[in-house]
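Undergrad: Show me the folded form of this:
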Amino acid sequence: MFSSFLTFFMMRRFWLFVVAIFVTCGLMAQETPTNYPLPQNPGTLRILAVGNSFSDDGTEYLPGLLEAAGIHNVIVARLYIGGCSLERHCKEYEEGLTDYIYYKSTNNKWETVSKNATILDGLKDEPWDIITVQEVSNNSGTYETYQNWAPKLLSIIRKEALNPKAAIVWHMTWAYATNSDHGAFKLYGNDQKTMYDAIVSCVSRARKDFNVPVVIPSGEAIQLARATRLNNEDRVPADSKVYQLTRDGFHLTRQHGRYIAACTWFETLIKPVLGKSVKGNPYLLEDTEYSITKKDARLCQKCAIKAVESFK
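TA: Have a look, this model is predicted:
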C-alpha cells in the first residue's frame, strides 16, 4: 500500500512539473511581442517615425534621397515631441494629449499636418507598413527604461495601427559630442565612448527582448563618420557647439550629420523593401543651404552602408 501511495505521489509531482513547464512556456510566449518582417515591393511604402528631435534629424533628408533616386511611391511621416521618451509616448496615449507635431511627406517634400496632434492622429492616418520607435537620447544607454516602457509602447502601436502587420523597427540614436554640455551626459561619465557602448548594448538587447530585429543604426553610422575627415574637430574649436557632427553637442549638424542619418534610414528601409541602395545616390542637399560635395556624399553613404551591414 505504501508503494502504491509513493508511486501516486511521484506521478503527481511529475505531472505538476510538466504542467508548470507548459504554463511557463505559455507565459514566455505571451510576453514576446508580435512583430512582422519588412514588406516586399509594396505599391506604396508607408513609414511612420514615432519619436523626438532625433527622429527629425534622422529623417529630414530622406525625401530628398528618395526624389534623387527616382522613387515616388513612399510616404514618410514623423510624429514628434522634443525630448520625448518611451515613457512619455505611453502617457501621451493614456491621457489623449495633443502635444505632437506631425510632419508628412507624400511627394518627397515635407509638410506640416498638425502642430497639435495626438499619437493616434499619426498611427491612424495611414495603414503604415513600417513604424519606428526610439528612446530619448539621455536614456538611450539605460536599459531599465527600455524594459519599463518599450513593451507598453509596442503594444499600443500593435493595438492601434491600422495595418495589423506593420513592421516595428528600432532607431538607434547616437552618442553626444565629447564636448557636449547636455545635462544627461554625466550619466555616461561625460565620455562619448561610454555612451556609445551603452547605446549599442541596449539596442542589441532590445532587438532580442522585444522582437525588433531590424535596427536603423544611425548612431553607428555617426560614430563611424567621426573617425573620418567628415568629423570637424580638427577645424572647429573644442569649445564650439558645432562639433563632431553635432550642432549643439547632441543634435546632428544640418549638413553631414543629418545626411549620414538619412542615408542610414534609406539603406535600412528602402533597400530591402524596394531594392535600391543609397550607394551612388546623387542627392547633394542642393535644395538647402547646406549643399555637400559628391566626394563627401560618397563617404557619408559609405558610413551608412557599413553601419547597416554591421547590424544585420
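Undergrad: Show me the shaky parts of the stretch 201-312 of the chain.
TA: Residues of the stretch 201-312 of the chain meeting the criterion pLDDT under 70: none.
Undergrad: Tell me where it has strands.
TA: Counting by DSSP state E, counting those that start in this stretch, the stretch 201-312 of the chain has strands at residues 215-216.
Undergrad: same check, this time on the stretch 51-200 of the chain
TA: 74-80, 100-105, 110-117, 130-133, 167-171.
Undergrad: Give me the neighbour count for the closest residue to Thr194 other than its chain neighbours.
TA: Excluding the flanking residues, the one nearest Thr194 by C-beta to C-beta, 6 or more residues apart in numbering is Tyr188, at 4.5 Å. The way it works is simple: take the backbone N, C-alpha and C, and place the C-beta from them, glycine included. By other C-beta atoms under 10 Å, 23 other residues sit near Tyr188.
Undergrad: quick one on the thing from earlier: tabulate the strands of the stretch 51-200 of the chain (JSON lines), appending distance to Leu224.
TA: Converted to JSON lines, the strands of the stretch 51-200 of the chain look like this (distance: least, C-beta to C-beta, whole Å):
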{"stretch": "strand 74-80", "distance to Leu224": "24"}
{"stretch": "strand 100-105", "distance to Leu224": "27"}
{"stretch": "strand 110-117", "distance to Leu224": "27"}
{"stretch": "strand 130-133", "distance to Leu224": "21"}
{"stretch": "strand 167-171", "distance to Leu224": "17"}
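Undergrad: Let me have the ones you listed in JSON lines, extended by mean pLDDT.
TA: Below are the strands of the stretch 51-200 of the chain laid out as JSON lines (pLDDT from 0 to 100):
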{"stretch": "strand 74-80", "mean pLDDT": "98"}
{"stretch": "strand 100-105", "mean pLDDT": "98"}
{"stretch": "strand 110-117", "mean pLDDT": "98"}
{"stretch": "strand 130-133", "mean pLDDT": "98"}
{"stretch": "strand 167-171", "mean pLDDT": "98"}
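Undergrad: would you turn the ones you listed into TSV with distance to Glu233 and mean neighbour count?
TA: Formatted as TSV, the strands of the stretch 51-200 of the chain follow (distance: least, C-beta to C-beta, whole Å; neighbours: other C-beta atoms under 10 Å):
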stretch	distance to Glu233	mean neighbour count
strand 74-80	29	24
strand 100-105	31	20
strand 110-117	30	14
strand 130-133	30	24
strand 167-171	25	24
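Undergrad: Between those strands, which one is closest to Tyr36.
TA: strand 167-171 (5.1 Å; C-beta to C-beta).
Undergrad: CA atoms only: put that closest one into CSV for me.
TA: Output in CSV follows, covering the C-alpha atoms of strand 167-171 (Å, rounded to 0.1, in the frame of the first residue of the first chain):
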residue,chain,number,x,y,z
ALA,A,167,6.8,46.1,-39.1
ILE,A,168,8.1,47.8,-35.9
VAL,A,169,11.7,49.0,-36.3
TRP,A,170,14.1,50.4,-33.8
HIS,A,171,16.0,53.6,-34.5
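Undergrad: Please enumerate residues in contact with that strand?
TA: 33, 35-39, 49, 51, 54-55, 58, 129-134, 154, 157-158, 203, 206-207, 212, 214-216, 218, 268-269 (C-beta atoms under 8 Å, 6 or more residues apart in numbering).
Undergrad: If any of those residues are buried, put those into a ChimeraX selection.
TA: Of the contacts of strand 167-171, the buried ones go into a single ChimeraX selection, burial set by 16 or more other C-beta atoms under 10 Å:
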select :33,35,38,39,49,51,54,55,58,129,130,131,132,133,134,154,157,158,203,206,207,212,214,215,216,218,268,269
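Undergrad: Among the contacts of strand 167-171, which lie within helices?
TA: 54-55, 58, 154, 157-158, 203, 206-207, 218 (DSSP state H).
Undergrad: With respect to Lys104, which of those is nearest?
TA: Ser55 (13.3 Å).
Undergrad: Looks like Ser310 contacts Pro217 (just checking).
TA: Yes. If you go by C-beta atoms under 8 Å, Ser310 and Pro217 touch, sitting 7.0 Å apart.
Undergrad: Give me the more crowded residue out of these two.
TA: Pro217 (29 against 13).
Undergrad: measure that one to Leu45 for me?
TA: Going from Pro217 to Leu45 by C-beta to C-beta, to the nearest Å gives 20 Å.
Undergrad: cool, and Leu285?
TA: For Leu285, the distance to Leu45 - C-beta to C-beta - is 23 Å.
Undergrad: One more: Val113?
TA: In terms of C-beta to C-beta, Val113 sits 18 Å off from Leu45.
Undergrad: same question, Thr288
TA: In terms of C-beta to C-beta, Thr288 sits 24 Å off from Leu45.
Undergrad: Equivalent analysis for Gly82, please.
TA: 27 Å.
Undergrad: and these two? which has more neighbours close in?
TA: More crowded of Gly82 and Leu45, by other C-beta under 10 Å: Leu45, with 21 against 11.
Undergrad: Thanks a lot, see you next time.
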